[in-house]
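**Student:** Next comes the sequence, and after it the predicted model I'd like to discuss.
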Amino acid sequence: MPAFMNEITHRARRCPVACALKILLLLLFASALNIAIFYKNAMSIYAYIGFMALIGYVAIVAISTDINCRLKLNEDDRLTH
């Protein structure tokens with residue numbers, strides 16, 4: 001297996017929550033792009049804005065989780081690890 005795949009599997013074993021959040025974020029972004037391109041007239045603008053807000057929330061949580069499943073809330077949290 002390539003070194004990149006070994007690193008990904010090692011990170012997934014260390015923190016499956018952070019890995020699952022990143023995968024969920026990619027899937028949600030791909031589905032939002034699919035809706036925007038192919039189903040733009042079938043979905044209301046308010047439902048799409050709500051869906052984008054959900055994606056934004058998942059993105060914030062996924063970015064704020066560290067590799068070891070800890071939330072980085074402020075500068076002190078980043079410096080102590």
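**Tutor:** On my side now, so go ahead.
**Student:** can you pull out the helices in this structure?
**Tutor:** Here the chain has its helices, by DSSP state H, at 3-14, 16-38, 45-64, 75-80.
**Student:** Out of these, point me to the one whose mean pLDDT is lowest.
**Tutor:** Confidence, taken as mean pLDDT, is least for helix 75-80 of the helices of the chain (a mean of 56).
**Student:** re earlier: in CSV: the helices of the chain, plus mean neighbour count.
**Tutor:** (Each C-beta comes from the backbone N, C-alpha and C, glycine too.) Below are the helices of the chain laid out as CSV (neighbours: other CB atoms under 10 Å):
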stretch, mean neighbour count
helix 3-14, 11
helix 16-38, 14
helix 45-64, 13
helix 75-80, 9
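**Student:** most distant residue from the middle of this structure?
**Tutor:** residue 41 (26.6 Å; CA atoms, centre = their mean).
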